[in-house]
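Participant: Predicted model follows, preceded by the sequence.
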Amino acid sequence: MKIKVLTAVLLALVLAGCSAKQTTKDSGTSSQSASSSQSQSSEAKQATTSDILQVKVTVNEAITTYQKTFAQTDITSISLEKVGNQFQYEVEGVDDQREHQLTLNAMTSSVINKHSEQLDADEADGVARQEALKLTNFISLSRAVKIAQQSAEVTGATEAKLDQENGQTVWKIQFEQHGQETEVKLNAQTGKVLTTEVDD
């Protein structure tokens, strides 16, 4: 009788041990699945956050912040690009004697840096101001990116710059896809594509 009871107890212990081992295996598999799914989701997030259209601060808001910081100046360029792990606007401008630069966090609008310095003699007294951007009726960043994407047949814009060239304000939109860089330049007022350059 004692042998039967002892055998039954041993059998119960063995079964309980197998069941515990199975549970451990299952939970290991499910944690591997969770880890794999988190990894895929973070890769997807990185892919989408490399696109400049993810920024929350608009170009007009960056202009307003610059004009409040450096009143009575003209803006000569506005660029948007990823520096480290965050997108930043860099707005540059001039008055008759000094050049100014304002760097903003493109997600929060907080000022990262501001700097002014004396213009060179050949740029002072209004000379540098001739390079001021025409900031009336320029097309939005999202529209410029859309036109550039369609023209170059690429996606995922990584940088944008509003600049002055040959007397006209232009958008320069840069893409990087499969290790290849493409820059599309378009008239900032009309949206007309001026050039497309591909750099291997």
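Facilitator: Cool, the structure landed.
Participant: For the rest of this, base every contact and every neighbour count on C-alpha atoms.
Facilitator: Will do.
Participant: And this protein, split by domain according to the record?
Facilitator: Domain ranges of the chain: 51-132, 134-200, per automatic domain parsing.
Participant: Export these as JSON lines, with columns for mean neighbour count.
Facilitator: Converted to JSON lines, the domains of the chain look like this (neighbours: other CA atoms under 10 Å):
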{"stretch": "domain 51-132", "mean neighbour count": "18"}
{"stretch": "domain 134-200", "mean neighbour count": "17"}
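Participant: Which helix or strand contains the nearest residue to Ser110 once chain neighbours are set aside?
Facilitator: Leaving aside its chain neighbours, Ser110 sits nearest to Leu104 (5.7 Å; criterion: CA to CA, 6 or more residues apart in numbering). In this assignment (DSSP states H and E), Leu104 forms part of strand 98-105.
Participant: What angle do strand 98-105 and the helix or strand that that strand is followed by make with each other?
Facilitator: Once strand 98-105 ends, the next helix or strand along the chain (criterion: DSSP H and E) is strand 111-118. Strand 111-118 runs at 170 degrees relative to strand 98-105, counting by axes from the mean of the first three to the mean of the last three CA atoms, to 10 degrees.
Participant: In PDB, list the C-alpha atoms belonging to the helix or strand just after strand 111-118.
Facilitator: Per DSSP H and E, the first helix or strand lying C-terminal to strand 111-118 is helix 141-152. Output of helix 141-152 as PDB, limited to C-alpha atoms (Å, rounded to 0.1, in the frame of the first residue of the first chain):
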ATOM      1  CA  LEU A 141       7.200  72.800 -46.800                       C
ATOM      2  CA  SER A 142       4.700  69.900 -47.200                       C
ATOM      3  CA  ARG A 143       3.700  71.100 -50.600                       C
ATOM      4  CA  ALA A 144       7.400  71.600 -51.700                       C
ATOM      5  CA  VAL A 145       8.200  68.000 -50.400                       C
ATOM      6  CA  LYS A 146       5.200  66.500 -52.300                       C
ATOM      7  CA  ILE A 147       6.200  68.200 -55.600                       C
ATOM      8  CA  ALA A 148       9.800  67.200 -55.200                       C
ATOM      9  CA  GLN A 149       8.900  63.600 -54.400                       C
ATOM     10  CA  GLN A 150       6.700  63.300 -57.500                       C
ATOM     11  CA  SER A 151       9.400  64.900 -59.600                       C
ATOM     12  CA  ALA A 152      12.300  62.700 -58.400                       C
END
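Participant: which residues touch helix 141-152?
Facilitator: 53, 59, 155, 157, 160, 171, 173, 182, 184-186, 188, 191, 193, 196 (CA atoms under 8 Å, 6 or more residues apart in numbering).
Participant: Direction included, what does the following helix or strand past it pair against?
Facilitator: Next in sequence after helix 141-152, counting helices and strands by DSSP H and E, comes strand 157-165. Here strand 157-165 has these sheet partners by DSSP bridges: strand 74-83 (antiparallel), strand 168-177 (antiparallel).
Participant: orientation of strand 157-165 relative to helix 141-152 in degrees?
Facilitator: Orientation note: strand 157-165 sits at an angle of 100 degrees relative to helix 141-152 (the same axes, to 10 degrees).
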